[in-house]
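# Next input, structure requested:
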Amino acid sequence: MSGQAGSGHRLVGIQLLRGLAASMVVVSHANTMMGHGEFFGLSPFPILDTGAFGVSIFFVISGFIIVFVSLNGQGDARVSTGTFAWRRFVRIVPFMWLCTLGYNLLSYAGTHQVEWGPMLRALVLSPVGELKPNVLWSLRHELIFYALFAVALLGTRRRIWLLYAWFAAPLVYAALSQAGLLSALADRPLAAEFLKVLLMGSEVGANFQFAAGFLLGILYLRSAPILRARAWAGLLVAAFAVIAADVVVEATAIPSGLWRAAAWTALAAPLVWLALVAPHEDTILSRAAEALGDASFSIYLVHNPVLLILFRLARPLAAHVPLAGLYFVFVGGAIVAGIIVHRLVERPLLAWASGRSPHFRVTGAGRAQG
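Numbering: from 1, shown residues only. Have a look, this model is predicted:
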């Protein structure tokens, strides 16, 4: 991988992108939740799709990372199926379980009711039905991708066609929808939802985004010239590109469907490319990017309950402080809380869980090796 951006060190550009994508979800959710009548009754900004687009960026990153940590330059597996499955389990599930139980305990404290169905579905990442917390919807798609990747590329027989078919499945789903064939499932909502999750990648077209990340990963491992470091690229360039792409997403407001899936993939993939070709420099910005990227999973999972707590604490101030000012405090508070939870809870939990197996090397929550 000589000459590749990020060679020999952590992929700091990817870390930055992880952190920004998680922050986009916080930005969107804080704005939407403030508009609920039980809180402030008004959203301070006209934000519509920023959070969902942030998740699309996550999916492209995930497609890249899974290739990067699992295959060699020839595209052959360098981990067994068992090792791959264990690493994915350790990286995601224990902390996800902890956050799910914590979220539902907080909900019980406020409502004195336990929504057993959504909670149990969240604990097992059910492909259909309401999840609580609802942010776990994205992990459904991660799980599907991991399973298909392992079956297609890590077993004794290669079944790459299976992965390619899944990447292209939104085209099939759109064709079925256009032909009116999905209307037969109108009275079977769970079956309809399952098909949409599996074939379409839900509202964002996750299959396309994993495909883009997969392709970037293969090109990176093959030291493709397109992924060599660019002197003009850098973390600030990548950050401004994320902002510009999000402006396009908000301005176009494409309805969910095939065109949104294609357009968002076309916007998200170049952002990951920019992150990969950014030359590495040990600066305050790069260290901040690493810290934010490491904490991205924590930020994503804990920001909603943190926002709810901050909303309740701040309601008496609503008559005296501009709503926009409170909004930025909420966003900043949720991100900082996620960083704290990462350092005090997620990172120690990951270190403990990874110690159960010699096949898992702890390098930090946001690093490519995990």
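# This structure: helices as residue ranges?
Here the chain has its helices, by DSSP state H, at 12-34, 50-70, 81-111, 116-124, 137-149, 160-178, 189-195, 206-221, 235-252, 258-277, 284-294, 296-314, 323-341, 347-354.
# got a list of contacts for the shortest one?
If you take Cβ atoms under 8 Å, 6 or more residues apart in numbering as the criterion, helix 189-195 is touched by 127-129, 173, 182, 185-186. In short, each C-beta sits where N, CA and C put it, glycine included.
# Show me how to select, in ChimeraX, the buried members of those residues.
Burial among the contacts of helix 189-195 is assessed by 16 or more other Cβ atoms under 10 Å; the matching ChimeraX selection reads:
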select :127,128,173,182,185
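# which one of the contacts of helix 189-195 sits closest to G333?
The closest of the contacts of helix 189-195 to G333 turns out to be G129 (Cβ to Cβ; 31.0 Å).
# My read is that the closest one contacts G117, right?
Yes: counting by Cβ atoms under 8 Å, G129 touches G117, with 7.0 Å between them.
# of all the helices of the chain, which lies closest to S43?
With Cβ to Cβ as the criterion, S43 lies closest to helix 12-34 of these, at 4.9 Å.
# Next, the angle helix 284-294 makes with the closest one.
For helix 12-34 against helix 284-294, the angle by axes from the mean of the first three to the mean of the last three Cα atoms, to 10 degrees is 60 degrees.
# Against which helices or strands is helix 12-34 packed?
Helix 12-34 is packed against helix 50-70, helix 235-252, helix 258-277, helix 284-294, helix 296-314, helix 323-341, with contacts defined by 3 or more Cβ pairs under 8 Å, 6 or more residues apart in numbering; DSSP states H and E.
# Output these as TSV; include the columns mean pLDDT and mean neighbour count.
Listed next are the helices and strands packed on helix 12-34 as TSV, based on pLDDT from 0 to 100; neighbours: other Cβ atoms under 10 Å:
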stretch	mean pLDDT	mean neighbour count
helix 50-70	97	25
helix 235-252	96	16
helix 258-277	97	22
helix 284-294	93	19
helix 296-314	96	21
helix 323-341	97	18
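# From A291, how far out is the residue nearest to W97 when sequence neighbours are not counted?
Nearest residue to W97, sequence neighbours excluded (Cβ to Cβ, 6 or more residues apart in numbering): L123, at 6.2 Å. The gap separating L123 from A291 is 29 Å, by Cβ to Cβ, to the nearest Å.
# Any regions of this protein where pLDDT drops low?
Filtered on pLDDT under 70, the chain yields the residue ranges 1-10, 356-370.
# Just list the residues touching the spatially most central residue of it, thanks.
Centroid-nearest residue in the chain: F58, 3.6 Å away (criterion: Cα atoms, centre = their mean). F58 is in contact with 18, 21-22, 138, counting by Cβ under 8 Å, 6+ apart.
# same thing but at 7 Å, please
By Cβ atoms under 7 Å, 6 or more residues apart in numbering, the contact set of F58 is 21, 138.
# picking that back up, CSV for the helices of the chain, including distance to L42?
Below are the helices of the chain laid out as CSV (distance: least, Cβ to Cβ, whole Å):
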stretch, distance to L42
helix 12-34, 7
helix 50-70, 18
helix 81-111, 22
helix 116-124, 28
helix 137-149, 26
helix 160-178, 35
helix 189-195, 32
helix 206-221, 32
helix 235-252, 18
helix 258-277, 27
helix 284-294, 29
helix 296-314, 13
helix 323-341, 6
helix 347-354, 37
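# Nearest to F40, out of those?
Nearest of the helices of the chain (Cβ to Cβ): helix 12-34, 4.7 Å.
# Flag every buried residue along that closest one.
Neighbour counts over helix 12-34 (16+ other Cβ under 10 Å) mark 12-31, 33-34 as buried.
# List every C-alpha atom in that helix, with coordinates, as CSV.
Extracted C-alpha coordinates of helix 12-34, given in CSV (Å, rounded to 0.1, in the frame of the first residue of the first chain):
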residue,chain,number,x,y,z
VAL,A,12,-7.5,10.2,10.0
GLY,A,13,-9.6,11.5,7.2
ILE,A,14,-12.0,8.6,7.7
GLN,A,15,-12.0,9.4,11.4
LEU,A,16,-13.0,13.0,10.6
LEU,A,17,-15.8,11.8,8.4
ARG,A,18,-17.1,9.4,11.1
GLY,A,19,-17.3,12.2,13.6
LEU,A,20,-18.9,14.6,11.2
ALA,A,21,-21.5,12.0,10.1
ALA,A,22,-22.4,11.3,13.7
SER,A,23,-22.6,15.0,14.4
MET,A,24,-25.0,15.5,11.4
VAL,A,25,-27.4,13.0,13.0
VAL,A,26,-27.3,15.0,16.2
VAL,A,27,-27.8,18.3,14.3
SER,A,28,-30.9,16.8,12.6
HIS,A,29,-32.4,15.1,15.6
ALA,A,30,-32.0,18.0,17.9
ASN,A,31,-33.7,20.3,15.4
THR,A,32,-36.6,17.9,14.8
MET,A,33,-37.1,17.0,18.4
MET,A,34,-37.2,20.6,19.5
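# can you give me the angle that helix makes with helix 235-252?
With the same axes, to 10 degrees defining the directions, helix 12-34 sits at 40 degrees from helix 235-252.
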